[in-house]
Each structure stands twice: as C-alpha cells, then as structure tokens.
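Q: coords please:
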Amino acid sequence: MQTRGPGDVEKREALILGASPRIAPLGPGEFGKEAMELVKEMRAAISLPPVEKIPDFNATMLRHPDLYRAHSDLALVLFKGALATRDRQLAILRIGWLCQAPFEWGVHVRIGKATCGLTPEEIDWITVGSSARSWGEHDRAILRAVEELFEDAMISDETWEVLAKTHDDAQLLELPILVGQYQGVAYLQNSLRLSLPADNGGLRAR
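A: Numbers count the residues shown, from 1 in each chain. Purely as a prediction, here's the structure:
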C-alpha cells in the first residue's frame, strides 16, 4: 500500500503545485449572487466558515455552471448522507492520500479534525492505511474498502462482511459513491494544479 516519505511528498507537491493553475478562476464580477449562495451552502455543509470571496476552486468550476451545480448537489447529499461523519472523513482522507492530492488532503485534514475530532496521530495512521496496527475493526474496514476500490474497483467479500456488521444498506450503497466522488475530485484538483490557500497544509497537513 502506498506510503511516502518527506522527500516523496516534496516531489509530489512540486509536480502539482510548482506551476501556475491550468485554468484561471472567474473574477468576482463574472458570477452572480446564486453562485455565492451555493458556495456558502457548500462551506456550511462541511463546517467551513463563510467567505466574502469565492475560493479559487469553486470559481474555476463555475466556468462550467451545469457541472458545478451537479457536482455540488452530489457533494451536499454525501455530506448530509447516511454514513457517520467519522466514516466519511476516514474514507475521503484515505482516497485523498492514495491519489496524493495536496488540495483535497489538506482541506479534509482540517474538516476531519473539526467535524469528528480526528487527531494528528490518527491522520498520520491514515497515510499508512488499514495496515496501521492501532485501528479497530470498524475503522480498519472503512480504510481497507477504500484501498480495495482504488486498487481493484470493488470491495472484497471479506471487507464487505465486516462493514455489513455495522452498516445498513443505505450506508453500504453510499460508501463506494463517496470514494468515487472524491477520487474524481482529486483527479480534477491535481490536474488543474490548484494553488494551496494559506490555511491548507497540503500533504504535510496533520
């Protein structure tokens, strides 16, 4: 399973963040009040404070308004969904690390600490994955499911059996969709070469 040392993280961040973003965000005068309200709703759903300026990722996505609306609608469903907040953030952080996505990882380290009390030590374990010795059965199964989806595009029978002990059908349906959504977000943010805002520590965030 994928782990990286400090030198690897430095190379990865240089690859993604070492050049200008590939698509410029829209300026403040190029979108309307509805767009600002949608961004506020999204930030509130993930326990982030409101902002006066639309962040660059959202302002870039607004170059494709229909895609942005559909993407945001699904994100809101997932953040208000059936999975427990801790399960959700473990899954998002694991796929963000496996994709080596500085923007996604840094954002969700902050969210995971704020919304479900993830500790810096637990966040460090997430970089190791399901093989880290300190996980209980439940958390380990969430992380293993993400790893199996990333590597084999399905959850194994063994992992499914463990998940089914504590998850109902709605939660089991939601988990693969959640992982796929945030793998797609990682692809997008990495490919856009999004710059990190000051409060995002990238792959070094703990």
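Q: CA atoms for contacts and neighbours, from now on please.
A: Fine.
Q: Which residue of this structure lies farthest from its centroid?
A: No residue in the chain sits farther from the centre than Gly29, which is 28.8 Å out by CA atoms, centre = their mean.
Q: Quick check: mean pLDDT of the one helix or strand Trp97 maps to?
A: Using DSSP states H and E, the element containing Trp97 is helix 85-98. Across helix 85-98, the average pLDDT comes to 98.
Q: ditto for stretch 52-64
A: Averaging pLDDT along stretch 52-64 yields 89.
Q: Just the CA atoms of it, as CSV, please.
A: Written as CSV, here are the backbone C-alpha positions of stretch 52-64 (Å, rounded to 0.1, in the frame of the first residue of the first chain):
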residue,chain,number,x,y,z
GLU,A,52,-16.6,37.1,1.1
LYS,A,53,-14.5,35.9,-1.9
ILE,A,54,-15.4,32.7,-3.7
PRO,A,55,-12.4,30.3,-3.3
ASP,A,56,-10.4,29.6,-6.5
PHE,A,57,-11.5,26.0,-6.8
ASN,A,58,-15.2,27.0,-6.8
ALA,A,59,-14.6,30.0,-9.0
THR,A,60,-12.8,27.7,-11.5
MET,A,61,-15.6,25.2,-11.5
LEU,A,62,-18.1,28.0,-12.3
ARG,A,63,-16.6,28.1,-15.8
HIS,A,64,-18.9,25.0,-16.3
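Q: can you pull the contacts of the closest residue to Leu163 other than its chain neighbours?
A: With CA to CA, 6 or more residues apart in numbering as the criterion, Leu163 has its nearest non-adjacent residue at 6.3 Å, and that residue is Ala141. Neighbour list for Ala141: Ser130, Thr159, Val162, Leu163 [criterion: CA atoms under 8 Å, 6 or more residues apart in numbering].
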